[in-house]
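J.: take a look and give me a structure for this.
(one chain, ligands or ions: 2)
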Amino acid sequence: MKTLSDLLAEGVAGRRVLVRADLNVPLDGDKITDDGRVRASVPTIKALADAGARVIVTAHLGRPKGEPDPKFSLAPAAARLGELLGAEVALAADLVGPSATSVVGALTDGGVVMLENVRFDARETSKDDAERAELAEELASFADAFVSDGFGVVHRKQASVYDVAKKLPAYVGGLVDAELGVLRKLTDDLERPYVVVLGGAKVSDKLGVIANLLTKVDRLLIGGGMAYTFLKAQGHEVGTSLLQEDQLDQVSGFLAEAEKRGVELVLPVDVLVTSEFGKPEHDVVGSDAIPADKMGLDIGPKSQELFASKLADARTVFWNGPMGVFEIDEYAGGTRAVAQALVDSDAFTVVGGGDSAAAVRALGLPEDGFSHISTGGGASLEFLEGKELPGISVLEA
Ligand SMILES: Nc1ncnc2c1ncn2[C@@H]1O[C@H](COP(=O)(O)OP(=O)(O)O)[C@@H](O)[C@H]1O
Ligand SMILES: O=C(OP(=O)(O)O)[C@H](O)COP(=O)(O)O
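T.: Ligands and ions are numbered 1, 2, ... in the order given. From the prediction side, this is the model:
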């Protein structure tokens, strides 16, 4: 793979460089609640700008439906990036339309601009190769080189991640390079017990990694929205909790496979339930006694203790996905307990994922209490699975 250093060594003054960043930050209205991904994107962008490049940043925010939607505008991220760089970052009102053409045309050496949310164009996430290639061609027409630095999205075969790298001289960015370097320590010769903790809300996306993880880990702790499909597969009622009904058979298979392999699969023994998403009033119930009209929004106090005890003797830990809806104080206890157990541990500990990393910071845990805080959740998991990451393999080609 050609690296950012190679590109800088070639000389970038006056060249237009398209940088794919992951600026998928959590928002409260138009306020960024955790700017970790913007901060992580700065070094690569700054290195290029300082070397006189004309930098064009492309990124996504959330999962809009392939058309412009102001709720998912990158305006807050562009403003924050400008603050961190100490120079204005103009945001084009579109992705490859007249506004983008004019904003890119006005770029001067050392300047940085941003294109509006790449997922406002349905071709970005299209399954049709030709559609993605067409958008990639339009993006590539703005630039002379491409730098792939959105680690959180390298597992997506999308136009701005994968296809565009075939249209321009392509380089791996500093963030992606550094993230891969740390994650390699979790694949070669790791110290055991190796414990993986999974939670969060992207259940259907992330269930798939479990089959492979079962061949690698000693223990798998499952909380967050991910736990309920397991509890249901064990025959428990889960009320109105997040549930991946169509993956129940697959999850039953995981339970059997874990037993066969001697992998300890640990599920919550109690949960905090409420009647309406986000409602702070709640009850603590056994995970085999979730009422039909209630949803589980956090693991309970006994589960917190159980999970902490299962982390205490670990030598290597990877954690993706909050244990509950930590954005609401009442449901932050499980996430805090797992985070604290990692801080207290002297294992090699990696936390990955936009929301997991945000949770660690929002709950006031020391960032240096973890060996590494990764900007990517799904991307890290797929890397640990040993799966080919399209955004990386395209750079190796
Ligand atoms: N029991 C639950 N029910 C619904 N949402 C949950 C539950 N537990 C956690 N979540 C939500 O999961 C989200 C994060 O999930 P995900 O995107 O998979 O994690 P990450 O960004 O760290 O990879 C958080 O916004 C959190 O509120
Ligand atoms: O937030 C992200 O991933 P993560 O939640 O797995 O860390 C990335 O920005 C990828 O977003 P996507 O899962 O909508 O493709």
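
J.: so for the closest residue to ligand 1 within the stretch 51-200 of the chain, what's the pLDDT?
T.: For the stretch 51-200 of the chain, the nearest residue to ligand 1 under the criterion Cβ to the nearest ligand atom is G200, separated by 2.6 Å. C-beta here means a position set from N, CA and C on the backbone, and glycine is covered the same way. According to the predicted model, the pLDDT of G200 comes to 97.

J.: distance-wise, check the nearest residue in space to it that is not next to it in sequence relative to ligand 1.
T.: In space, G200 comes closest to G321 once its chain neighbours are excluded; the distance is 2.7 Å by Cβ to Cβ, 6 or more residues apart in numbering. Applying Cβ to the nearest ligand atom, to the nearest Å, the value for G321 to ligand 1 is 5 Å.

J.: I'd guessed G321 sits against G353; true?
T.: Yes - taking Cβ atoms under 8 Å as the definition, G321 is a contact partner of G353 at 6.2 Å.

J.: who touches both of these two?
T.: Shared contacts of G321 and G353, defined by Cβ atoms under 8 Å, 6 or more residues apart in numbering, comprise G200, G377.

J.: number of nearby residues for the residue nearest to G200?
T.: Neighbour count for G321, taken as other Cβ atoms under 10 Å: 28.

J.: contacting residues for it?
T.: Residues touching G321, when contacts are defined by Cβ under 8 Å, 6+ apart, comprise 197-202, 206, 223-226, 353, 355-356, 377.

J.: do the same with L186
T.: L186 makes contact with T316, F318, F348, V350, L384 under the criterion Cβ under 8 Å, 6+ apart.

J.: how many neighbouring residues does the first one have?
T.: Think T316. The number of residues packed near T316 is 21, by other Cβ under 10 Å.

J.: likewise for the fourth one?
T.: Number of residues near V350 (other Cβ under 10 Å) recorded here: 24.

J.: wasn't it part of a helix?
T.: No - with DSSP: H, G, I helix; E, B strand; the rest coil as the criterion, V350 is assigned strand and is not in a helix.

J.: so it bridges to which residues?
T.: Residues in a beta bridge with V350, per DSSP bridges, are F318, H372.

J.: any idea how far it lies from D344?
T.: When Cβ to Cβ, to the nearest Å is the yardstick, V350 and D344 sit 16 Å from each other.

J.: around ligand 2, pick out the residues from the stretch 201-350 of the chain.
T.: Residues of the stretch 201-350 of the chain that fall close to ligand 2, judged by Cβ under 6 Å from any ligand atom: K202.

J.: any idea which residue of the stretch 1-150 of the chain lies closest to ligand 2?
T.: The minimum distance from the stretch 1-150 of the chain to ligand 2, using Cβ to the nearest ligand atom, falls at N24 (3.3 Å).

J.: for that residue, helix, strand, or coil?
T.: Using three-state DSSP, the secondary structure recorded for N24 is coil.

J.: over to V197?
T.: When the structure is reduced to helix, strand and coil (three-state DSSP), V197 reads as strand.

J.: hmm, it is touching A308, no?
T.: No - with contact defined as Cβ under 8 Å, V197 does not count as touching A308 (10.9 Å).

J.: where do the contact lists of these two overlap?
T.: V338.

J.: who has more neighbours out of those two?
T.: More crowded of V197 and A308, by other Cβ under 10 Å: V197, with 26 against 17.

J.: rewinding a little: how close does the residue of the stretch 1-150 of the chain closest to ligand 2 get to F151?
T.: 11 Å.

J.: these two - which one has more neighbours?
T.: Residue environment comparison for N24 versus F151 gives the larger neighbour count to F151, 31 against 24, counting by other Cβ under 10 Å.

J.: mind listing what the more buried one touches?
T.: Taking Cβ under 8 Å, 6+ apart as the contact definition, F151 lies against D22, A40, L175, V176, E179, L180, S374, T375, G376, A379.
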